[in-house]
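[1] after the sequence you'll find the predicted model.
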Amino acid sequence: MSRIGKLPVNLPAGVSAELQPGNVVKVKGPKGEMFQKVDPDITVTIEGSEIKFTRPTDLPRHRSMPGLYRALAHNMVVGVSAGFEIKQEFVGVGYKVAAQGQLLTFSLGYSHEIQLLLPSEVKAEVPEVKKGENPLLILRSCDKQLVGQVAAKIRTFRKPEPYKGKGIKFVGEQLRRKAGKTAAAK
């Protein structure tokens, strides 16, 4: 088996897991509960505070699955216990974001404002902007895939451009910058 697929998923204190009919793993913790359907060929065992995944044969299809489901279960456990957070920075003059409940309003240099309604599982926070700093948007959720998908959607509104670096970028992201035009020497 793969190195990832062999490892058990450890459940921290306050997190419980159970196997439901149809090979569905349910993980419940302080931040919520999540479900993951597992392929019927894969055997899921929950012993004490560990979830293990085993495969029936060495077919290529079966070899690929334990690592996948182990990673998905681990992300569920981390999500319901600690949660996931993505920070985005708005770089550009006049670029702003405002959050009112689940509705985000973006001002990104277009002739109109852009509004986005967030899924109920994703919470948004806009900290107050200090002078000389760029506006930030903090997205939090227990579902890693969903919060990443929402952050990617927000980024598509104004991708960072390579010359000045203006746009929506993830905090800590290194942008590949290009040199601008230079005046020809006479």
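    Looks like it arrived, so ask away. Numbers count the residues shown, from 1 in each chain.
[2] three-state assignment of the residue nearest the centre of the chain?
    Nearest residue to the geometric centre of the chain (Cα atoms, centre = their mean): G148, 3.0 Å. Taking DSSP: H, G, I helix; E, B strand; the rest coil as the rule, one finds G148 in the helix state.
[3] residues contacting it?
    Contacts for G148 were tallied using Cβ atoms under 8 Å, 6 or more residues apart in numbering; they are 84, 86. C-betas here are computed from N, CA, C, even on glycine.
[4] and Q145, its phi and psi?
    For Q145, the backbone dihedrals (degrees, to the nearest 10) come out as phi -70, psi -40.
[5] count the neighbours of it for me.
    Taking other Cβ atoms under 10 Å as the criterion, the count of residues near Q145 is 12.
[6] tell me how far the longest strand along the chain lies from the chain's centre.
    The single longest strand within the chain, with elements called by DSSP state E, is strand 84-91. Centroid separation for strand 84-91 versus its chain: 11 Å, with Cα atoms, centre = their mean, to the nearest Å.
[7] list phi and psi for the closest residue to G79 other than its chain neighbours.
    For G79, ignoring the flanking residues on the chain, the nearest one in space by Cβ to Cβ, 6 or more residues apart in numbering is C142 at 3.8 Å. Torsion angles at C142 (phi, psi; degrees, to the nearest 10) stand at phi -90, psi -10.
[8] which helix or strand lies directly C-terminal to the helix or strand of the chain with the lowest mean pLDDT?
    Counting by mean pLDDT, DSSP states H and E, the chain has its least confident helix or strand at helix 3-6, which shows a mean of 85. The helix or strand immediately downstream of helix 3-6 is strand 9-10, counting by DSSP states H and E.
[9] give me the sheet partners of the helix or strand that that following strand is followed by and which way each runs.
    Secondary structure here is assigned by DSSP H and E; on that basis, the next helix or strand after strand 9-10 toward the C-terminus is strand 16-20. Paired strands of strand 16-20, with direction, are strand 24-29 (antiparallel) (DSSP bridges).
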